[in-house]
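# Kindly return the folded structure for what I paste below:
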Amino acid sequence: PKDQRQGFDAMVIDSLRASLAERIGATEATLAANEAAARELEAALAAHSTAEETSRQDRDTQVEALQKLRAALVEKQTAKRGAKDEVEGLRAAQAEHVGAVADTQEEAQWLRESIEVLDALAATSPVNAEMQPDVA
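Here you go, the predicted structure:
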């Protein structure tokens, strides 16, 4: 019976070899596909890493620009407050000068009126008449 089984055994062995070869081929194809997918994923990862670095650099640049803008804003606000204080000081000084001018004008008017009164008194004074030379 060993001789009789030999043909059947050979057929089973050939069938198993064919089945194994098919499975090996399928596994190798799967491995090749996985390796190709891994290479694609690695390329995508590299691209994303580059994009991430570029985005990070852009963000850092924007943060730096924002900080400069904030510093400029604070500087301008400080300058504006200083200018506002200066304007208020100038307005107060102007008000003082306007008041001083008004006071001086009042005093000048009082002095003019005083001169007119004194001139009128001097004109009617008997002492003034004696001091006038005769023009006749």
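# So what's the predicted local confidence for the most centrally placed residue in the chain?
Nearest to the mean C-alpha position of the chain, counting by CA atoms, centre = their mean, stands Leu69 at 3.2 Å. Confidence at Leu69, expressed as pLDDT, is 98.
# And for Thr78, the neighbour number?
Thr78: 10 surrounding residues under other CB atoms under 10 Å. Where C-beta positions appear, they are placed from N, C-alpha and C, glycine not excepted.
# Now do the helices in the protein.
Here the chain has its helices, by DSSP state H, at 2-124, 126-131.
# Could you point out which residue ranges in the protein have low pLDDT?
Within the chain, the ranges that satisfy pLDDT under 70 run 1, 128-136.
# Swap in 80 and give it another go.
1-5, 125-136 (pLDDT under 80).
# among the helices of the chain, which is the most enclosed?
Highest mean neighbour count among the helices of the chain (mean count of other CB atoms under 10 Å): helix 2-124, with a mean of 10.
# Can you name every helix or strand that that helix contacts?
Here helix 2-124 touches no other helix or strand, going by 3 or more CB pairs under 8 Å, 6 or more residues apart in numbering; DSSP states H and E.
# re earlier: for the residue nearest to the centre of the chain, give me its contacts.
By CB atoms under 8 Å, 6 or more residues apart in numbering, Leu69 lies in contact with nothing.
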